[in-house]
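**Student:** I would like to see how this sequence folds:
(one chain, ligands or ions: 1)
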Amino acid sequence: MSFELTPRQIVERLDQYIIGQKDAKKSVAVALRNRYRRMQLDDHLRDEIVPKNILMIGPTGVGKTEIARRLAKLVGAPFVKVEATKFTEVGYVGRDVESMVRDLTETAVRMVKEEQMEAVKDRAEEQANKRLVKLIVPSKKKQTNFKNPFEMIFNQQPNQDTQEQTGDDEVEVENKRKRIAQQLAMGELEDHMVNVEVEEQQPSMFDMLQGSGMEQMGMNMQDAMSQFMPKKKKKRRLPVSEARKVLTQEEAQKLIDMDEVTQKAVQKVEQSGMIFIDEIDKVAAKSDNQANVSREGVQRDILPIVEGSTVVTKHGPVKTDHILFVAAGAFHMARPSDLIPELQGRFPIRVELEKLTISDFKRILTEPSNALLKQYSALLETEGIKVEFSDEAVTKLAEIAFEVNQETDNIGARRLHTILEKLLEDLSFEAPDVTMDTIKITPQYVDEKLSSIVKNKDLSRFIL
Ligand SMILES: Nc1ncnc2c1ncn2[C@@H]1O[C@H](COP(=O)(O)OP(=O)(O)OP(=O)(O)O)[C@@H](O)[C@H]1O
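**Tutor:** Numbering: from 1, shown residues only. Below you'll find the predicted structure:
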């Protein structure tokens, strides 16, 4: 796996998505490499080495989450983000902090399941096609006397006058099925409608109770209830192309071993899981008043998870000892030294992220593989419109984003999203009716769409 990437290679990969923030990229790259180094050791020493967690310090919207999320994606590690402040809310019960580990496990299960479903996809599709054939040509007992195969496709209702299946009938059905199988394989029946039974997705008790501080209870109840609740099935009439997807999904589900999935997922969480705790600065404060006592309480609750403990999840116990934690905050009011000492000790790697400049904004708009301008251009291209941004126009957009950040709230690169949305609002609306094939976005165009809003502070506070 890409675990073997060297720190330099990791930084290079991150460079494809995140502009600047060299130090932060370096730190996460080293933390990741250390995991790989640890894996090379013998069991005894391996268990002794705990991951060195990272504290990212920097204003909002400068790429803290993005760096961590990309890193996780790079190596296929399960990742979740939580806001530390969530745990100070009214109704908060101590146990809630463990939900971050449960969520991470849930994410890992989904990842492993998707991987395995992908691995059996071809076999599952084969099975699905076999089922489709049977749906189109049911066995004689259920079948009307059709004159031709197409009549059969449209009329699948069981007939009262069914006859007992004889040897001859069997041969006939088999022959029809063979023909249909060939037609299916050649993609000739994609639009024909078939009736399929699909399992209905119902929100579980667990889902309903999530976020209300009762996860643990919900979890136990769901497990208990699921043993008694029959799975609801619903008949749906779908074209073959859609029915195949539903059936393939069902068949893939049958082919994978969920016990193995869970086991692998738990292992993944324990060995490579990453938890991003945002707004950690908001729970850092000296305990001199009531509110601060509650904040310190949150730190005390988080501590055992970061230090290494076992959390009970729906998928079994999960050890948190080697999960990598990245905590982040602006630290405008509090300082990292305002965190409780034990927690400070668990986040020995500190990195400061830089404020973004106009030229960073310009690069963010254009350079990353998923750069915003590329995204918008691609979207409009689906309507047959090619949008070209002149270099001066991009500079202008970056300047406006910077200015609005200064004048109102500084939300970092997120400002670029709101500004672009406003800039292209009319064009997006009119796109289907526009006959031009190329539209040039010039500084004048930018001015025309945005300058009146930028000049009016109250207006920009609402719109940009
Ligand atoms: N340096 C950067 N390079 C490229 N894109 C960036 C950069 N910084 C921010 N962005 C973009 O801005 C958005 C917000 O960034 P991100 O979620 O990383 O913010 P953050 O620093 O974690 O702030 P917060 O703590 O408020 O979550 C993302 O869409 C991200 O892609």
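**Student:** CA only for contacts and neighbour counts going forward, please
**Tutor:** OK.
**Student:** who in the stretch 351-464 of the chain is up against the ligand?
**Tutor:** Neighbours of the ligand within the stretch 351-464 of the chain, by CA under 6 Å from any ligand atom: 364, 413-414.
**Student:** So what's the residue count around the closest residue to residue 264 other than its chain neighbours?
**Tutor:** Nearest residue to residue 264, sequence neighbours excluded (CA to CA, 6 or more residues apart in numbering): residue 112, at 7.1 Å. Residue 112: 22 surrounding residues under other CA atoms under 10 Å.
**Student:** what residues are up against the closest residue to residue 283 other than its chain neighbours?
**Tutor:** Leaving aside its chain neighbours, residue 283 sits nearest to residue 295 (4.6 Å; criterion: CA to CA, 6+ apart). Contacts for residue 295 (CA atoms under 8 Å, 6 or more residues apart in numbering) come out as 88, 282-285.
**Student:** so can I have TSV of these showing secondary structure and neighbour count?
**Tutor:** Conversion of the contacts of residue 295 to TSV gives the following (DSSP: H, G, I helix; E, B strand; the rest coil; neighbours: other CA atoms under 10 Å):
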residue	secondary structure	neighbour count
88	helix	20
282	helix	20
283	helix	26
284	coil	24
285	coil	22
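**Student:** which one among those residues gets closest to the ligand?
**Tutor:** Using CA to the nearest ligand atom, residue 282 is the member of these that lies nearest the ligand, at 11.3 Å.
**Student:** Report pLDDT for the closest residue in space to residue 383 that isn't next to it in sequence.
**Tutor:** Excluding its sequence neighbours, the residue lying closest to residue 383 (CA to CA, 6+ apart) is residue 432, at 5.9 Å. Looking at residue 432, its pLDDT is 78.
**Student:** With residue 285 instead?
**Tutor:** At residue 285, pLDDT is 72.
**Student:** next one: residue 365
**Tutor:** 95.
**Student:** Repeat that for residue 65.
**Tutor:** 95.
**Student:** That one sits in which helix or strand?
**Tutor:** Using DSSP states H and E, the element containing residue 65 is helix 64-75.
**Student:** Assumed residue 318 was part of a strand.
**Tutor:** Yes - with DSSP: H, G, I helix; E, B strand; the rest coil as the criterion, residue 318 is assigned to a strand.
**Student:** Burial check on it, number of neighbours?
**Tutor:** Neighbours of residue 318 (other CA under 10 Å): 20.
**Student:** For the chain, which segments count as strands?
**Tutor:** Secondary structure of the chain (DSSP state E): strands at 54-57, 79-83, 193-199, 233-239, 274-278, 310-313, 316-319, 324-329, 349-352, 386-389, 438-441.
**Student:** which strands and helices sit next to the first one?
**Tutor:** Yep, that's strand 54-57 we're talking about. Under the contact definition 3 or more CA pairs under 8 Å, 6 or more residues apart in numbering; DSSP states H and E, strand 54-57 sits against helix 22-39, strand 324-329, strand 349-352.
**Student:** and if we set it to 7 Å?
**Tutor:** Judged by 3 or more CA pairs under 7 Å, 6 or more residues apart in numbering; DSSP states H and E, strand 54-57 is in contact with strand 324-329, strand 349-352.
**Student:** Those strands into TSV, with extra columns for mean pLDDT and mean neighbour count?
**Tutor:** Listed next are the helices and strands packed on strand 54-57 as TSV, based on pLDDT from 0 to 100; neighbours: other CA atoms under 10 Å:
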stretch	mean pLDDT	mean neighbour count
strand 324-329	95	25
strand 349-352	93	18
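**Student:** All good on my end, thank you.
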